[in-house]
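Q: for reference, the sequence and a predicted model appear below.
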Amino acid sequence: MNFASVRIITTDIKPLVRFYERVTGKSVTQYTDDFAELQMPSATLAIGSTRTLQLFGGDHIAKAASNHSAIIEFRVEDVDREYQKLVDILGDMIIQKPTTMPWGNRSLLFRDPDGNLVNFFTPISPEALKKFDG
């Protein structure tokens, strides 16, 4: 089994598509007005409109812009450099400036336009580097 993707459900995918393209510097493939994907080497971030919920059984399956428990995480080469590039774009969406965490990652935490938490991190301790690089 392979972990393939996380899907964000939103009322309008266009703002999220633009946001994730800006913060990652990668192109998002928009297949329809209701579905797009940001494909990365290790997993995919899918973005689906609330209209796609009908395909899964109805509107009660998920609620847009109401995540309070999951964090979408991206490993980046240099989190401090990413912070400098994004600080003006993110503004008050920044939750935590780059901070070294007890488990050895340097982490930047912010919110996307729907309020989802996003973490850009760089492993910096020998243990964290070993975990991610093998």
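A: The structure has been received and is ready for your questions. Residues are numbered from 1 along each chain as shown.
Q: dump the residue contacts of the residue most central in space within the chain.
A: The C-alpha lying nearest the average C-alpha coordinate of the chain belongs to Ile72 (Cα atoms, centre = their mean; 4.0 Å). Residues in contact with Ile72 (Cβ atoms under 8 Å, 6 or more residues apart in numbering) are Val6, Ile8, Leu45, Asp112, Asn116, Leu117, Val118, Asn119. In short, each C-beta sits where N, CA and C put it, glycine included.
Q: mind listing what Phe19 touches?
A: Contacts of Phe19 (Cβ under 8 Å, 6+ apart): Asp112, Pro113.
Q: Asp114 is in contact with Ala62, isn't it?
A: No - if you go by Cβ atoms under 8 Å, Asp114 and Ala62 don't touch, sitting 11.9 Å apart.
Q: how near is Ile9 to Ile124?
A: Counting by Cβ to Cβ, to the nearest Å, the separation of Ile9 from Ile124 is 34 Å.
Q: the more surrounded of these two?
A: Set side by side, Ile9 and Ile124 show more neighbours around Ile9, with 23 against 16, by other Cβ atoms under 10 Å.
Q: now name the helix or strand holding that one.
A: Element membership for Ile9, per DSSP states H and E: strand 5-10.
Q: packing partners of that strand?
A: strand 44-49 (3 or more Cβ pairs under 8 Å, 6 or more residues apart in numbering; DSSP states H and E).
Q: brilliant, that's me finished.
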